[in-house]
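Participant: Turn this into a model:
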Amino acid sequence: MWIKMHPWVFPIIIGGIGILYILINIGAVIETKKIQAKGSDHHISGIPFLGGIHLIIAGLISPIKWLALLCILDYTFWEFLYAVWSEAFSKKRDDTHNP
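Facilitator: Have a look, this model is predicted:
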């Protein structure tokens, strides 16, 4: 016999896991900054994109699909865009300055 569940059960669970990953990654960044401020070259690694992927999945299986846009809360999404754009623009600048 199948138990009928509320349509928000799995999106809340998966979204909660995604938010947990995002918070852990932010904590890792903060701790890395503290460690490096003391002169160490060590860093604490996070898991990039995992929290955002969980939020996309939670949003797409929820009754309200636009909640998938919450994936932009993951800071690695913005870091990835910055890395791609800064690399693309730096190559253009290097090409124009070095004939």
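Participant: So what's the model's average confidence on stretch 38-49?
Facilitator: Average pLDDT, stretch 38-49: 86.
Participant: buried set for it?
Facilitator: Residues 46, 48-49 are the ones in stretch 38-49 that count as buried (16 or more other Cβ atoms under 10 Å). From N, CA and C alone the C-beta is placed, and that goes for glycine too.
Participant: between those residues, which is nearest residue 7?
Facilitator: residue 49 (26.0 Å; Cβ to Cβ).
Participant: circling back: so which of the buried residues of stretch 38-49 sit within helices?
Facilitator: Judged by DSSP state H, the subset of the buried residues of stretch 38-49 located in helices is empty.
Participant: Turn the residues you listed into JSON lines, including distance to residue 23.
Facilitator: Output for those, formatted as JSON lines (distance: Cβ to Cβ, whole Å):
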{"residue": "46", "distance to residue 23": "10"}
{"residue": "48", "distance to residue 23": "14"}
{"residue": "49", "distance to residue 23": "15"}
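Participant: quick check, nearest of those to residue 14?
Facilitator: Comparing the buried residues of stretch 38-49 against residue 14 with Cβ to Cβ places residue 49 closest, at 14.7 Å.
Participant: Next, work out how far apart that closest one and residue 6 are.
Facilitator: Relative to residue 6, residue 49 is positioned 28 Å away (Cβ to Cβ, to the nearest Å).
Participant: again, but for residue 19
Facilitator: Using Cβ to Cβ, one obtains 19 Å as the distance from residue 19 to residue 6.
Participant: Quick test: name the residue nearest the centre of the chain.
Facilitator: Nearest to the mean C-alpha position of the chain, counting by Cα atoms, centre = their mean, stands residue 74 at 2.9 Å.
Participant: Please name the nearest non-neighbouring residue to it.
Facilitator: residue 52 (3.3 Å; Cβ to Cβ, 6 or more residues apart in numbering).
Participant: if I pick that neighbour, what's in contact with it?
Facilitator: 18, 22, 71-74, 76-77 (Cβ atoms under 8 Å, 6 or more residues apart in numbering).
Participant: I'd like to know which of the residues you listed is nearest to residue 41.
Facilitator: Distance to residue 41, by Cβ to Cβ, is smallest for residue 76 among those, at 21.4 Å.
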